[in-house]
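Build me a model:
(4 chains)
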There are 2 protein chains.
Amino acid sequence: MPPRHKSEAEKQQIRSAVLDAARELFVARGVDAVTMREIAKKVGYSPTALYLHFADKEDLLKALCATDFLALADGMNAIMKIADPIERLNVMGRAYAEFALSHPNHYRLLFMTPQIPCDAMDGGIEKGNPDQDAYAQLMHMVKLAFDAGCFREDIKESSLIAQTLWAGMHGVCALEITKQGDPWVDWQPILTRILTMQDALMRGLLRQSN
Amino acid sequence: MPPRHKSEAEKQQIRSAVLDAARELFVARGVDAVTMREIAKKVGYSPTALYLHFADKEDLLKALCATDFLALADGMNAIMKIADPIERLNVMGRAYAEFALSHPNHYRLLFMTPQIPCDAMDGGIEKGNPDQDAYAQLMHMVKLAFDAGCFREDIKESSLIAQTLWAGMHGVCALEITKQGDPWVDWQPILTRILTMQDALMRGLLRQSN
DNA sequence: GGTGTTAATTAAACAATGTTAAGTTAACGT
DNA sequence: ACGTTAACTTAACATTGTTTAATTAACACC
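Numbering: from 1, shown residues only, chains lettered A, B, ... in the order given. Down below sits the predicted model:
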């Protein structure tokens, strides 16, 4: 009941408290559990107060994802220090899968949900900046390997290689997230599927001489 | 207002009229447009009447999907007549992608949504029956090629090959459905991506001698 | 042929959701 | 001292899925 004028820093703090509460619900119980009322209760405000910090629920979720999108890019970034361009790509793929499977709800929202175009994400993420954009990071790594002549010479576009590698990993992870434990399919172990996908794509895309 | 006692056939007809109305909304405007009230209006009943034919909304959607799941399996089935086991797999993959991209809303509900386990689908679909189960169909085709010695001999499980091929196609299609037109990524043409995925996986999984 | 049961249907209502409109209260500037 | 404004809340609205309680016509039977 007692409102006081807040500094910009205090406002930011409330904003991030809201995001933390939302994240906790989100991670634990999925996107449907993230109701404005429940977030508000958790953070000690009335539901309407959230609208002072976020335009609407989608805006709030976008802000949530922006944070984790940056975390993903950060992880990719650290991998650049590996010297061998192909080993680097392999490690990157496995790091991507690990992110997906240990944050399935985030992964679903980032890469399996249409309503939220990455492009419009909050948090000042810049397209093409490898520090912030995991796809740019992948493109960069593929291009280095491509220019070093690692890939089949009949493939003209390095972006096609990047998109194929991404799609392969995405396919394994997305099916795992969506259909894990579904008795319809007798799944091989997820790690086996990840490594097989990686191995098969690399064999299929690299120059024979490797 | 004038209720008359209905035969079983008439009930089935209403049920399928409801499904048709729901499908129309669903295909045109996605799952969010499928509200019980709107279906009811389209089919000329009150919203509550739908509950005489379906337990709840999820049940209705499952029935919707069962139909299209069968259609998918039917398409796969027709491909069995191709003699060459590898060409057969390639054609199957492209048919799968065509299904996904021409019925994106169905594909999303069938393969990108967790709430609806294939296993519990209505319509009497039997697991493992290749006439009705597209995955069983894939497994069967892969196993034939596997037993004919088409694949690398260090891969011991044919199901691992099937799951990798599926995941690869799924990855391309799911990313296309989710991120088509997203300016974040400069996509190569979708057909190119499909063919590249198929080509790369086959090169990576088949015996060298092929 | 009346009469009670039942099947088909609906209108009204409930609870949950995102969101908006209209207050309320305390701090600040002048 | 006093109006304005920032920070918040309570009440309310619209939309959803779903349930309860009628209503109404057809059928079965004596």
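
hang on, residue A:143 packs against residue A:158?
Yes: using CB atoms under 8 Å, residue A:143 makes contact with residue A:158 at a distance of 4.7 Å. For glycine as for every other residue, the C-beta is placed from the backbone atoms N, C-alpha and C.

Neighbour count: these two, which is higher?
residue A:158 (18 against 15; other CB atoms under 10 Å in any protein chain shown).

what sits against that one?
By CB atoms under 8 Å, 6 or more residues apart in numbering or on different chains, the contact list for residue A:158 reads A:139, A:142, A:143, A:146, A:147, A:151.

Can you select the buried ones from the residues you listed in PyMOL?
Those of the contacts of residue A:158 that count as buried under 16 or more other CB atoms under 10 Å in any protein chain shown are selected in PyMOL with:
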select buried, chain A and resi 139+142+146+151
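
For DNA strand C, state which of the contacts of residue A:158 is nearest.
Closest approach to DNA strand C among these (CB to the nearest atom of the strand): residue A:139, at 34.0 Å.

Against residue A:69, how distant is residue A:196?
Using CB to CB, to the nearest Å, residue A:196 is found at 28 Å from residue A:69.

Would you mark the buried spots in stretch A:28-35?
Result for stretch A:28-35 [16+ other CB under 10 Å]: buried residues residue A:34.

Repeat that for stretch A:202-210.
By 16+ other CB under 10 Å, the buried positions in stretch A:202-210 come out as A:202, A:203, A:204, A:205, A:206.

what do you get for stretch A:42-61?
For stretch A:42-61, a neighbour-count test (16+ other CB under 10 Å) marks A:43, A:45, A:50, A:53, A:54, A:57, A:60, A:61 as buried.

end to end, how far does it reach?
Terminal residues of stretch A:42-61 lie 16 Å apart, using CA to CA, to the nearest Å.

Where does the closest residue to chain B within chain A sit: helix, strand or coil?
Nearest residue of chain A to chain B (CB to the nearest CB) works out as residue A:171 at 2.5 Å. Using DSSP: H, G, I helix; E, B strand; the rest coil, the structure places residue A:171 in helix.

Just give the nearest non-adjacent residue to it, would you?
Closest residue in space to residue A:171, ignoring its immediate chain neighbours: residue B:171 at 2.5 Å, by CB to CB, 6 or more residues apart in numbering or on different chains.

Could you report the distance from that neighbour to residue A:63?
Counting by CB to CB, the gap from residue B:171 to residue A:63 is 27 Å.

The two - which one has more neighbours?
Ranked by neighbour count (other CB under 10 Å), residue B:171 and residue A:63 place residue B:171 first, with 26 against 19.

Wait, the more buried one touches residue A:169, no?
Yes: judged on CB under 8 Å, residue B:171 makes contact with residue A:169 at a distance of 7.1 Å.

anything in stretch A:203-210 near chain B?
Yes: counting by CB under 8 Å from any CB of the partner chain, chain B has neighbours in stretch A:203-210: A:203, A:204, A:205.

Please read the previous query as pertaining to stretch A:80-92.
No: applying CB under 8 Å from any CB, one finds stretch A:80-92 out of contact with chain B, separated by at least 13.5 Å.

Tell me how far that stretch lies from the chain's centre.
Distance, stretch centre to chain centre, for stretch A:80-92: 19 Å (CA atoms, centre = their mean, to the nearest Å).

what does stretch A:165-183 give?
Distance of stretch A:165-183 from the chain centroid (CA atoms, centre = their mean) equals 14 Å.

With distance to DNA strand C and pLDDT as added columns, please give the residues of stretch A:203-210 next to chain B in a markdown table.
Shown next, in a markdown table, are the residues of stretch A:203-210 next to chain B (distance: CB to the nearest atom of the strand, whole Å; pLDDT from 0 to 100):
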| residue | distance to DNA strand C | pLDDT |
| --- | --- | --- |
| A:203 | 46 | 98 |
| A:204 | 44 | 98 |
| A:205 | 43 | 98 |
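
Going by distance to residue B:134, which of the residues you listed wins?
Nearest to residue B:134, judged by CB to CB, of the residues of stretch A:203-210 next to chain B is residue A:204 at 23.9 Å.

so that closest one touches residue B:199, yeah?
Yes: between residue A:204 and residue B:199 a contact is recorded at 6.9 Å, counting by CB under 8 Å.

mean confidence score for whichever strand or helix holds residue A:161?
In this structure, residue A:161 sits in helix A:158-179 according to DSSP states H and E. In this model, helix A:158-179 carries a mean pLDDT of 98.

same thing with stretch A:74-85?
The average pLDDT within stretch A:74-85 is 92.

picking up where we left off before, which one of the contacts of residue A:158 is nearest to residue B:14?
So of these, ranked by how close each gets to residue B:14 (CB to CB), first place is residue A:139, at 53.6 Å.

What residues does that closest one make contact with?
Contacts of residue A:139 by CB under 8 Å, 6+ apart are A:158, A:159, A:162.

Quick check: nearest residue in space to the first one, chain neighbours excluded?
In other words, residue A:158. In space, and not counting its chain neighbours, residue A:158 is closest to residue A:146: 3.9 Å by CB to CB, 6+ apart.

repeat for residue A:109
Counting by CB to CB, 6+ apart, residue A:65 is the residue found nearest to residue A:109 once chain neighbours are left out, at 5.5 Å.

Could you say which helix or strand holds the one you found?
Assigned by DSSP H and E, residue A:65 falls in helix A:57-79.

can you list contacts of that helix?
For helix A:57-79, the surrounding residues in contact (CB under 8 Å, 6+ apart) are A:18-19, A:22-23, A:26, A:31, A:34, A:36, A:39, A:50, A:54, A:88, A:91-92, A:95-96, A:99, A:103, A:106, A:109-110, A:115-116, A:118, A:120-123, A:125, A:130-134, A:137-138, A:141.

Now restrict the residues you listed to buried residues only.
Using 16+ other CB under 10 Å as the burial test, the contacts of helix A:57-79 include A:18-19, A:22-23, A:26, A:34, A:36, A:39, A:50, A:54, A:88, A:91-92, A:95-96, A:99, A:103, A:106, A:109-110, A:116, A:118, A:121-122, A:125, A:130, A:132-134, A:137-138, A:141 as buried.

near DNA strand C too, which of those?
The subset of the buried ones among the contacts of helix A:57-79 within reach of DNA strand C, by CB under 7 Å from any atom of the strand, is A:34, A:36.

So which of the buried ones among the contacts of helix A:57-79 sit within strands?
Judged by DSSP state E, these include no members of strands.

so of the buried ones among the contacts of helix A:57-79, which ones are in helices?
Among those, the residues falling in helices (DSSP state H) are A:18-19, A:22-23, A:26, A:36, A:39, A:88, A:91-92, A:95-96, A:99, A:106, A:109-110, A:134, A:137-138, A:141.
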